[in-house]
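>>> coords below, sequence missing:
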């Protein structure tokens, strides 16, 4: 299949490349199990595959045993063979999947899996490149609905679906029981903030009666009262009685808990609010991964003693950027509204254009002198402008 035919037929469903990509890609299409459950079922299958009797070579288990000869041995960066084989190593989260895992998944889900891969030949330009399709199935499941994924040839899998697939076309029409189904609601995440609990200062107030209402009112106004849900994430090492938060974890790339959260919420949120966070120390690349393309970041400094939101939601880049801050790398500040728009790779940043004054018309008098008349705001000479 050539490149044009491939893109005319399929839409790629992206996922975060953190070692879970194969299982995430499969779970995007087959909703029977989560990606963690799929990994565990593959792990369990490997414990019993050697004990299965009367296995035909052309069956999925026969093909799996054959594939394990090449895939099961793993090597470290220096090329030395690891002591732990892939069938045991893959039981750990964030360990990259292999083709033997694809065959195992086809056996578990009873569905053929088509693996597309871009062929790169010497001398081919990008337009002439083709995609090969390796099919993993056997006679028992060949007639079942297939799963298609894209493999980059090295370390990343992504789900692919036809453009008219219901998996790709998300339903946002109201359900009979609800005017706005959950799938149609915009998702909002507030960082560095609890949704219930006593304020950290000595005011004696509660965050759910002071900070939270102000944030939720501002978000509602920004979204023009569109249906949305708000979740709260912060790290509380010793939570006080009455404290409530949706996600209690550290925002860091070395946190397995956050890696799991990021893999499940990759490009999930429309708006993310950072309230009283240490702005200069935040990892904005990680935050950007959680936002949908064209998503919005709002920086705020609302505390329990605030009685007005004046100026609390308009924090400029100059107030944030410092040594090590990567805010402007991943976000573009929009002065109108005081928000930060996610920078999408491959798109151009907006540039502020200076207003220019029209050039006044120059006329020559009978005596040979030149005069400059008053410029009319609607009249321009040869589309010329002065700075």
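In hand now; what should we look at? The model shown is predicted, which means the values in this text are computed figures rather than measured ones.

>>> going forward, measure contacts and count neighbours with C-alpha atoms only.
Will do.

>>> those helices in the chain, which residues are they?
3-9, 21-29, 35-48, 60-71, 86-89, 99-109, 211-222, 256-264, 284-290, 327-330 (DSSP state H).

>>> Just say which of those is most tucked in.
helix 21-29 (a mean of 24; mean count of other Cα atoms under 10 Å).

>>> Residue 199 and residue 304 touch, don't they?
Yes - with contact defined as Cα atoms under 8 Å, residue 199 counts as touching residue 304 (6.4 Å).

>>> if I look at these two, which residues touch both of them?
Residues touching both residue 199 and residue 304 (Cα atoms under 8 Å, 6 or more residues apart in numbering) are 205, 206, 207.

>>> Give me the distance between the last one and residue 305.
According to Cα to Cα, to the nearest Å, residue 207 stands 10 Å off from residue 305.

>>> out of those two, which sits in the busier spot?
Comparing residue 207 with residue 305 by other Cα atoms under 10 Å, the one with more neighbours is residue 207, at 21 against 13.

>>> Can you tell me, leaving aside adjacent residues, what's nearest to residue 208?
The shortest distance from residue 208 to any non-neighbouring residue, by Cα to Cα, 6 or more residues apart in numbering, is to residue 196 (5.0 Å).

>>> So what pairs up with that neighbour in the strands?
Taking DSSP bridges as the rule, residue 196 bridges to residue 244.

>>> one step back: where among the helices of the chain is the average confidence lowest?
Lowest mean pLDDT within the helices of the chain: helix 256-264, a mean of 85.

>>> Now residue 220. Nearest residue, chain neighbours left out?
In space, residue 220 comes closest to residue 226 once its chain neighbours are excluded; the distance is 7.2 Å by Cα to Cα, 6+ apart.

>>> Just confirm the one you found contacts residue 219, I think it does.
No - in this structure residue 226 lies outside contact range of residue 219 using Cα under 8 Å: 9.8 Å.

>>> ok so, going back, from residue 146, how far off is the residue nearest to residue 208?
Distance, residue 196 to residue 146, using Cα to Cα: 46 Å.

>>> same check, this time on residue 102
To residue 146, residue 102 is 12 Å away according to Cα to Cα.

>>> Kindly report the same for residue 9.
15 Å.

>>> Also residue 315?
For residue 315, the distance to residue 146 (Cα to Cα) stands at 50 Å.

>>> Need the residue closest to the centroid of this protein.
Central residue of the chain (Cα atoms, centre = their mean): residue 267, 2.7 Å from the mean position.

>>> Between the two ends of stretch 243-251, how far is it?
In terms of Cα to Cα, the two terminal residues of stretch 243-251 are separated by 19 Å.

>>> roughly how far is that stretch from the heart of the chain?
Put simply, stretch 243-251 sits 20 Å off its chain's centre (Cα atoms, centre = their mean, to the nearest Å).

>>> what pLDDT does the residue nearest to the centre of the chain get?
Listed pLDDT for residue 267 reads 86.
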